[in-house]
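In: fold the stuff below for me.
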Amino acid sequence: MSFEDFAISVNNLSKRYEIYNTPHDRLKQFVLPRLQRLTRRLPRQYFREFWALRDVSFEVKKGETIGIIGRNGSGKSTLLQLICGTLHPTSGVVETNGRITALLELGSGFNVEFTGRENIYMNGAVIGLSKEEIDKRFDDICAFADIGEFIEQPVKTYSSGMFVRLAFAIQANVDPEIFIVDEALAVGDAYFVHRCMNRFQQMQCEGKTIILVTHDVTAVRQLCDRAIWVDGGILVAMGDKSKVVDSYLSHLFSKEQDRYEVPPPSLKDISEAAENISVLRNNSVCRHETAIPNVDSRFGNRLCEIVGIGVYDTLGTPLKSTSNDTDIVLRISIKNNHSEKRLKMVVGYTFRNERGVDISSSDTIVTNTDIGYLVPGEIMTVSMVIGLPCLHPGSYTIIPSTAYTDEYGVPVETDRIINAVVIEITSDIKVDVGMRFKTKFKVDS
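Out: Down below sits the predicted model:
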C-alpha cells in the first residue's frame, strides 16, 4: 500500500523527558556541560532520563477505528500528543494524511476567559476553518453540546460535564478526517455518552479515521477495528481487538498473582479434580464436570481456581450447540487452594459473541445467591440455569470466573478463563441484528 492509503504512519517514535531533582540541577545542566567541554572534560549529566515512549511503530489505514489501551502512565496520552503535533518527538517520525481534530485532556485548546461562542470560533480557526465555514456549523455544534444559554458565558463557569460537551461538539462537527479522543467522555452523563457513540458510528460510516484512548475495554471491543496495547512506553501488541484486550487484561490481573505461592495446576491435576466432584448443593448431587476445553488466556491469583466446566440442556445432556430462546445449564467447578483459610465464594460468567463483544454476564452476587464457604482443598460445583434470548445465530463463548469476598464484603477475583467454552447457537426464528428481546405486543382500545 502507498502512503495515500494510510491516515497515520508512526515510525520508531520515541519521547524522552529530563527529570531534575532540584531547580539547581536544571541550571547546572544548562551551564556546566558546556564549560566541561571547553576544558576537554567529559560532560556530566545532571538529570535522569525518563522515556515516555520508545521505538513505537504502526500504521493506521484510512477509515479505521483504533483503540489504544494501557495502564495509567503507560504512554498513551504522550503518543496522541505526538500524533497531533502538540509534542515534538525525541526521535522518530509521525506522518499524518488528513485534517486532525483532537479531544485530549479536559480544557486543552480552550481559553477559560472566553465564552463558549468565542472558543468555538477560536478552535475552528486553529484547525484551519474560515469564519464562514464555522458559521455554517455553529448551530449544529450548539445543538450537539446542548448547554443552552451557557454558550454565551465564560467557560470557566462550566462544570466538567459542560466543558466536555462543548469540546466534543466542536471537534466532532468540524468535518475532521482524523478524530482523536483521549478518555474525555468519562465525565459525560449517560445521555451524552449515547449521543457521542451515535456520532462515532456516523463518522465510521462516513469513512473517518478514529483513534480512541480509553480504559473501557468493552468500548474497544464494540467500536474499534483493531487495538493497540502500550505499556511502559513500548508497543506490546497490535491487531485483533479481542486478542489484544484479553492479553492486556491477563497481564493486568496476573500482577496480583505474585502475592500467593499457589502453583498453576497441570492438565492432569485438572482432569483428576474434575473426575472426583460430588458435592451436594440444593439437595442434589452435582454432575461430574469435564476438564476445561479451552484456555485462550487466564488471569487471577488462582487462590480459588476453576477446575471444570460443562454446558448441558435441562435434561442433563452435554451441549455443543442449541437453538436460541431456550434454557441451558452451566456448571462450574471450583477449588479452594488456600492452605488454611475457608473462603466465601462467588461464581459467575460472561457470554460473548463471535465479534468479541460481551453481551451478558451474571454472578451469584448479582442474583443474590449465597453459595456458602469453601474450605481449603474442597471442590464444589455450582449450577446456573441461563435463559437464552433470541440471539443472532452463530458461535458464542462462555467466560467463567470465580472470586471470594474479603472481610469487608468486597469481591476479590481469583480466576477468569477467556473463551473456556464455545457453543453454537442456531435458530428457526429470523433475527436481523444482535438479539431479540422477549416482547409482548398489545393494542390499547
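In: quick check: closest non-adjacent residue to Lys28.
Out: For Lys28, ignoring the flanking residues on the chain, the nearest one in space by C-beta to C-beta, 6 or more residues apart in numbering is Tyr46 at 4.6 Å. Where C-beta positions appear, they are placed from N, C-alpha and C, glycine not excepted.
In: distance of the one you found from Arg352?
Out: Distance, Tyr46 to Arg352, by C-beta to C-beta, to the nearest Å: 53 Å.
In: ditto for Met384
Out: According to C-beta to C-beta, Met384 stands 16 Å off from Arg352.
In: ok, Gly67 next?
Out: 17 Å.
In: who's more crowded, the two?
Out: Legend: neighbour count by other C-beta atoms under 10 Å for Gly67 and Arg352, higher for Gly67 (25 against 22).
In: would that one count as being in a strand?
Out: Yes - under DSSP: H, G, I helix; E, B strand; the rest coil, Gly67 falls within a strand.
In: ok, and the closest non-adjacent residue to the residue most central in space within the chain?
Out: Closest to where the C-alpha atoms of the chain average out (C-alpha atoms, centre = their mean) is Val217, at 1.5 Å. Ranked by C-beta to C-beta, 6+ apart and with sequence neighbours excluded, the top spatial neighbour of Val217 is Val245, at 4.7 Å.
In: which ones are touching that neighbour?
Out: 69, 217, 220-221, 227, 356 (C-beta atoms under 8 Å, 6 or more residues apart in numbering).
In: will you turn the residues you listed into CSV that also has secondary structure and pLDDT?
Out: Formatted as CSV, those follow (DSSP: H, G, I helix; E, B strand; the rest coil; pLDDT from 0 to 100):
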residue, secondary structure, pLDDT
Ile69, strand, 92
Val217, helix, 81
Val220, helix, 86
Arg221, helix, 82
Ala227, strand, 94
Gly356, coil, 77
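In: tell me which helix or strand the residue nearest to Val217 sits in.
Out: Using DSSP states H and E, Val245 falls within helix 241-254.
In: average pLDDT for that helix?
Out: Across helix 241-254, the average pLDDT comes to 78.
In: buried residues in stretch 398-414?
Out: Going by neighbour count (16 or more other C-beta atoms under 10 Å), the buried part of stretch 398-414 is 398-404, 411, 413-414.
In: what do you get for stretch 121-129?
Out: Using 16+ other C-beta under 10 Å as the test for burial, stretch 121-129 gives 121, 123-124, 127, 129.
In: I'd like the next helix or strand past the one helix or strand Gly308 maps to.
Out: Element membership of Gly308 [criterion: DSSP H and E] is strand 304-312. As assigned by DSSP H and E, the chain's next helix or strand after strand 304-312 is strand 321-323.
In: what pairs with that following strand, parallel or antiparallel?
Out: Paired neighbours of strand 321-323 in the sheet (DSSP bridges): strand 421-426 (parallel).
In: let me see the mean pLDDT of the strand it pairs with.
Out: pLDDT averaged over strand 421-426 gives 84.
In: that strand to strand 304-312, inter-axis angle?
Out: Interaxial angle of strand 421-426 relative to strand 304-312 (axes from the mean of the first three to the mean of the last three C-alpha atoms, to 10 degrees): 30 degrees.
In: quick one: distance of strand 421-426 to the chain centre.
Out: With C-alpha atoms, centre = their mean, to the nearest Å as the basis, strand 421-426 stands 25 Å off its chain's centre.
In: tell me which residues in that strand are buried?
Out: If you call a residue buried by 16+ other C-beta under 10 Å, then strand 421-426 has these buried ones: 421-423, 425.
In: cool, stretch 364-372 as well?
Out: Thr364.
In: state the distance from Ile151 to Arg117.
Out: Remark: distance between Ile151 and Arg117 (C-beta to C-beta) = 6 Å.
In: so for the two, which sits in the more crowded spot?
Out: Neighbours per residue, other C-beta under 10 Å: of Ile151 and Arg117, the larger number sits with Ile151, 20 against 15.
In: how much space between the nearest residue to the more buried one once chain neighbours are set aside and Ile170?
Out: Closest residue in space to Ile151, ignoring its immediate chain neighbours: Gly116 at 4.1 Å, by C-beta to C-beta, 6+ apart. The gap separating Gly116 from Ile170 is 9 Å, by C-beta to C-beta.
In: joint contacts of these two?
Out: Residues touching both Gly116 and Ile170 (C-beta under 8 Å, 6+ apart): Ala145.
In: okay, and Ile170 sits in which element?
Out: Here Ile170 is assigned to helix 160-172, by DSSP H and E.
In: now the next helix or strand along the chain from that helix, how far from the chain's geometric center?
Out: Per DSSP H and E, the first helix or strand lying C-terminal to helix 160-172 is strand 178-182. Centroid separation for strand 178-182 versus its chain: 16 Å, with C-alpha atoms, centre = their mean.
In: tell me which residues are up against strand 178-182.
Out: 7-8, 76-77, 80, 83-84, 96, 98-105, 168, 171-172, 203, 208-214.
In: out of the contacts of Val245, flag the one nearest to Asn336.
Out: Val217 (28.9 Å; C-beta to C-beta).
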